[in-house]
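A structural model of the following input is requested.
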Amino acid sequence: MWISSLSAELTPPAFAGPLIVLGRADMQMATPPHVYIPVATPGVDAPGAMMRTDKVVSLYLHRLRESALRPVAEVLGALIERLQTQ
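Below you'll find the predicted structure:
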């Protein structure tokens, strides 16, 4: 699984196995994944939070526009729920 909701340029590396991508709607990949789910960009399509890895600075983001795209956390939650009911 490859997740990239911030940058369309951060695409998955070459991979021979099955690939699931949760990525920006404008992401262009050299090899199409087996499953591709467009997700919201935090601070643009959905609220979110940005944190430095040392947790010194946090920035909470508001949504800038209306979008049908769902945040990564929501998509992952729906996938987990679906797998648990199978």
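
give me the sheet partners of the helix or strand in which I3 is found and which way each runs.
Element membership of I3 [criterion: DSSP states H and E] is strand 2-4. In the sheet, strand 2-4 lines up against strand 20-23 (parallel) (DSSP bridges).

for the closest residue to L6 other than its chain neighbours, give its distance to V56.
Nearest-residue entry for L6: T41, 6.5 Å, with adjacent residues in sequence omitted and distances by Cβ to Cβ, 6 or more residues apart in numbering. Heads up, the C-betas are built off the backbone N, CA and C, glycines and all. T41 sits 24 Å away from V56, going by Cβ to Cβ, to the nearest Å.

who has more neighbours out of these two?
T41 (26 against 7; other Cβ atoms under 10 Å).

in the chain, mark out all the helices, start to finish.
Using DSSP state H, the helices found in the chain span residues 72-84.

in stretch 9-27, what's buried?
11-12, 19, 21-24, 27 (16 or more other Cβ atoms under 10 Å).

I am finished for the moment; much appreciated.
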